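**Q** Sequence plus predicted model, see below.
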Amino acid sequence: MAENGDPDALEEEEPQVDTSFSHAIIVDGLPKVPPEKHEKLNNVIRKFFSQVGKILENGLDHPKDPETGMSLGFAFIEFSSADEANAAVAKANGYRLDKSHMFVVNLFTDFAKYASIPDEEVEAQPEPYVPKENLKSWLLDPTARDQFVVRYNEECEIWWNDPTRPDPVPEHSRRGWSENYVAWSPRGTYLATFHNQGIMLWAGASWKRMQRLSVRGVKLLDFSPCERFVVTWTPEGDQKEALVVWSTATGAKLRAFQGTKDGDSTEMAWPAFRWSHDDEFFARLGEDCIYVYESCSMKLIKDKQDKRSSVKADGVRHFLWSPTDNVVSLWAPEHMNQPAKVVLMELPSRSELRQKNLFSVADLRMTWHEQGHFLCVKVDKHSKSKKTLNSAFELFRLRDKGVPIEVQEFSKDTTILAFAWEPKGLRFAVVHADGGSNRTDVSIHTMGSKHNGRVSLLKTCEKKVCNGLFWSPAGGILLLANLKGTAGQLEWLDVNVMQTIGEAEHFMCSDIEWDPTGRFVATSVSHWRHQMENGYNLWTSHGRQCGHVKQDKFYQLLWRPRPPSLLTETKEKEVRRNLRDYSKKYEEDDLKAKRSLQGDMLKQRKEKHEAFEAFLSETRALYAQQRAARVELRGGLESDNESAYTLIEDVDEVELSYKEEIIGRVSVEIGDD
């Protein structure tokens, strides 16, 4: 209280002196220079550290030897804030000033921490072991079920796919789990959710938050194939650092890149980076070049002169990585007198494996085989009059020496609507229409062999109403779908015997996705596409419906991916050949589960029947107890005796009136035989 006794007056607080020096740093590893070079070295230090933050006036103290005047090789620097001091340590520690001197930078507050280390060694006490959650726990399911995530309204739910359960419940659910869409990582370890403040990564059986990526207004996200990195883009703020690469393991921001071009209001091309199959490299399209970066250093790869530079490719329009090798396919359109070309290039050596020149190209699309054995280049070519287009497939064989190319041309009246490789196989399917008609056919072709094969047509399935091809991940079964408008026709085709094994319709179907094992497929109607009939259906691989769910404002159904198989390609083929032997065990398990389910249902029915019989017994007993009260209410009459009643039958007959009317007379003349 103040001396004048006024209770409302406040005592003046004594000024507190900040003795922590949290805004100061110690820079070691400086050159030891004579007095005449002190000022020059101080200017170099100020210029370097001023890039990080504001150095206070008289904030640089560079001690000298009082006898010789030589600098002592270290300095103290004070910044305007502790954040700037921390940033200086992060940037400058380990920085090489020249060949002989490298900065060793620490916070001034660290000095007390290091000085308090005891001279005598103290044996460290091990921390108690706390087992971590298994992030791959869903793969240990004894019945090998798959999981999927569903998002509708404000709800997000994780489900086990188990059609045998009569009343399934979600494995995990949260309201408002994501403010936008959700996404699985490529190997199924993480589920990414979107929030106003950034991205959350969830994993484990308890769905614990593993990482938080702080970036406001994020709209797009992409994982690297091995899940080591995450790429995000936000349209808000300065686009110079709108594209960010993050570490999945630590959540650290590794590097920021330019987003959309300044003044460019178009949507961001996504994915912004394309990753190699092993996460070692990622690349982005530039002007007449491809920027290829090392993921370990976040810097451009080196050329033959050991300099970091982009990969030159004049006029490059598009490129793709091989799914299994560090090889990119790129194409460039015609320019001046130079024809269009497709190039296969090995990275980081930058050596060309194959180049194919093409002429009169109107459009070009590249599609890699899932195992990297083949590359299909669909080329749409102008006719000489440039009034019509002619399509052709350039099929590259990556496993043969010299990468031979087979060409499959189509007539000018043929329009290619869809193309898809069979996963883990040698076949591909094409949807095409002839003569501009509405009739569409589906052709199945084979590459013959992985080595030294020849392309051949297996069969053309005529009059198939479809515009999309969806192969089972296990191969062998092809789902033909018509997603145009609200049609939703579905047809399952067994390619091994070329027979239709199932047909169905899902009205307004907008999305189709197979589960990772190829045993089930989901079709859905998303609210993003249609505002009516929202929900999803689950089907077996043979087209039998095993689930139907309708949800208002349904947005997404995504199967949880599985990591790559540890079996070799040869071993997988052996398993497929002996599938009947392996399937016996699982068929027995399915039969046991079915019988167990039937037993449970019979048990439930028996319990319900016994409960109903008990209810009837109680009701009859109560009815018997109330007999005297009923007789009294009816004046002594026995109402329960059926013989006391007389049955009278009364028949009412009603005569229906009718009217007879002669419509006309017809005379028939009979002649002589």
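**A** On my side now, so go ahead.
**Q** Contacts only, for Lys307.
**A** Listed by CB atoms under 8 Å, 6 or more residues apart in numbering, Lys307 has no contact partners. C-beta here means a position set from N, CA and C on the backbone, and glycine is covered the same way.
**Q** Same question for Leu364.
**A** Leu364 neighbours (CB under 8 Å, 6+ apart): 317-318, 331, 333, 340, 342, 358, 377-380.
**Q** what's across from it in the sheet?
**A** Val379 (DSSP bridges).
**Q** Start at 14, not 1
**A** Sounds good: first residue 14 from here, last item Leu377.
**Q** Give the buried subset of the contacts of Leu377 as a PyMOL selection command.
**A** Command for PyMOL that selects the buried part of the contacts of Leu377, burial taken from 16 or more other CB atoms under 10 Å:
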select buried, resi 344+346+353+355+371+390+391+392+393
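**Q** If we only consider the contacts of Leu377, which is nearest to Val143?
**A** His331 (48.7 Å; CB to CB).
**Q** State the phi and psi torsions of that closest one.
**A** phi -160, psi 160 (degrees, to the nearest 10).
**Q** tell me the pLDDT at the residue nearest to Glu347 when sequence neighbours are not counted?
**A** Of all residues beyond its chain neighbours, the one nearest Glu347 is Ala353 (4.7 Å), with distances taken as CB to CB, 6 or more residues apart in numbering. For Ala353, the pLDDT comes out at 94.
**Q** related to what we said a few turns ago, okay, the contacts of Leu377 in JSON lines with distance to Val243 next?
**A** Conversion of those to JSON lines gives the following (distance: CB to CB, whole Å):
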{"residue": "Arg330", "distance to Val243": "27"}
{"residue": "His331", "distance to Val243": "24"}
{"residue": "Trp344", "distance to Val243": "29"}
{"residue": "Pro346", "distance to Val243": "33"}
{"residue": "Ala353", "distance to Val243": "35"}
{"residue": "Val355", "distance to Val243": "31"}
{"residue": "Leu371", "distance to Val243": "37"}
{"residue": "Val390", "distance to Val243": "31"}
{"residue": "Lys391", "distance to Val243": "32"}
{"residue": "Val392", "distance to Val243": "35"}
{"residue": "Asp393", "distance to Val243": "36"}
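**Q** Just the closest of the contacts of Leu377 to Asp426, please.
**A** Asp393 (13.9 Å).
**Q** Now do the closest one, the pLDDT please.
**A** 92.
**Q** What residues does it make contact with?
**A** 374-377, 402-404.
**Q** Using JSON lines, lay out the residues you listed together with distance to Ser596.
**A** Below are these laid out as JSON lines (distance: CB to CB, whole Å):
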{"residue": "Val374", "distance to Ser596": "48"}
{"residue": "Ala375", "distance to Ser596": "48"}
{"residue": "Asp376", "distance to Ser596": "45"}
{"residue": "Leu377", "distance to Ser596": "43"}
{"residue": "Leu402", "distance to Ser596": "47"}
{"residue": "Asn403", "distance to Ser596": "46"}
{"residue": "Ser404", "distance to Ser596": "41"}
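**Q** which among those gets closest to Pro179?
**A** The closest of those, once distances to Pro179 are taken by CB to CB, is Ser404, at 50.4 Å.
**Q** Buried subset of the contacts of Asp393 as a PyMOL selection?
**A** Typed into PyMOL, the line below selects the buried ones among those, using 16+ other CB under 10 Å:
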select buried, resi 374+377+402+403+404
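**Q** quick one: which two of the contacts of Asp393 are the most distant?
**A** So, those by CB to CB: farthest apart are Leu377 and Asn403, at 13.2 Å.
**Q** gap between stretch 368-379 and the chain center?
**A** 31 Å (CA atoms, centre = their mean, to the nearest Å).
**Q** What average pLDDT does that stretch get?
**A** 93.
**Q** same deal with stretch 187-200?
**A** pLDDT averaged over stretch 187-200 gives 94.
**Q** what sits up against that stretch?
**A** 162, 164, 167-169, 203-209, 214, 232, 234, 236-240, 261, 568-569, 571-577.
**Q** buried subset of the residues you listed?
**A** So, by 16+ other CB under 10 Å, the buried ones in the contacts of stretch 187-200 are 162, 164, 168-169, 203-208, 214, 232, 234, 236-240, 261, 568-569, 571-575.
**Q** that older thread, and the residue nearest to Glu347, what does it touch?
**A** Ala353 touches 344-347, 370-372, 374, 377, counting by CB under 8 Å, 6+ apart.
**Q** For it, which residues count as its bridge partners?
**A** Assigned bridge partners for Ala353, using DSSP bridges, are Leu371.
**Q** Low-confidence regions, this protein specifically.
**A** In the predicted model of the chain, residues 14-33, 275-279, 449, 606, 610, 654-658, 676-686 satisfy pLDDT under 70.
**Q** picking that back up, for the contacts of Ala353, which one is nearest Lys45?
**A** For the contacts of Ala353, the nearest to Lys45 is Ala345 (56.0 Å; CB to CB).
**Q** what's the burial count for the closest residue to the closest one other than its chain neighbours?
**A** Distances taken as CB to CB, 6+ apart put Gly328 closest to Ala345, at 4.0 Å, once the chain neighbours are dropped. Neighbours of Gly328 under the rule other CB atoms under 10 Å: 15.
**Q** any idea how far the closest residue to Trp283 other than its chain neighbours lies from Ala196?
**A** Nearest residue to Trp283 in three dimensions, chain neighbours excluded: Leu233, at 5.4 Å (CB to CB, 6+ apart). As judged by CB to CB, to the nearest Å, Leu233 and Ala196 stand 10 Å apart.
**Q** Check Phe161 too.
**A** From Phe161 to Ala196 the distance is 13 Å (CB to CB).
**Q** Strands of the stretch 514-663 of the chain, start to end?
**A** In the stretch 514-663 of the chain, the segments counted as strands under DSSP state E, counting those that start in this stretch are 524-527, 533-538, 548-553, 558-563, 567-572.
**Q** Give me the residues contacting the second one.
**A** Under the criterion CB under 8 Å, 6+ apart, residues 159, 161, 174, 176, 483, 485, 492, 494, 501, 503, 519-528, 545-554, 559, 567, 569-570, 572 lie in contact with strand 533-538.
**Q** hmm, which of these are the buried ones?
**A** The buried subset of the contacts of strand 533-538 - by 16+ other CB under 10 Å - is 159, 161, 174, 483, 485, 492, 494, 501, 503, 519, 521-528, 547-554, 567, 569-570, 572.
**Q** wait, what's in contact with Gly649?
**A** So Gly649 contacts nothing (CB under 8 Å, 6+ apart).
**Q** end-to-end on stretch 462-472?
**A** The first residue of stretch 462-472 is 17 Å away from its last residue (CA to CA, to the nearest Å).
**Q** Tell me the buried residues in that stretch?
**A** 463, 466, 468.
**Q** Return the member of those residues nearest to Tyr304.
**A** Nearest member of the buried residues of stretch 462-472 to Tyr304, counting by CB to CB, is Lys463, at 32.8 Å.
**Q** Please report the distance of the closest one from Ser342.
**A** 18 Å.
**Q** Ser554 now?
**A** 32 Å.
**Q** and what of Phe207?
**A** On the measure of CB to CB, Phe207 and Ser342 end up 32 Å apart.
**Q** bridging residues for His331?
**A** Where His331 sits in a bridge, its partners, by DSSP bridges, are Trp344.
**Q** list the contacts for it?
**A** 298, 343-344, 377, 379.
**Q** The residue nearest to Ala345 against Ile303, yeah?
**A** No: at 11.8 Å, Gly328 does not count as touching Ile303 under the criterion of CB atoms under 8 Å.
**Q** Between which two of the contacts of His331 is the distance greatest?
**A** So, these by CB to CB: farthest apart are Leu298 and Leu377, at 14.8 Å.
**Q** which one among the contacts of Ala353 gets closest to Arg59?
**A** For the contacts of Ala353, the nearest to Arg59 is Ala345 (48.6 Å; CB to CB).
**Q** Please verify my assumption that the closest one contacts Arg330.
**A** Yes: at 5.9 Å, Ala345 counts as touching Arg330 under the criterion of CB under 8 Å.
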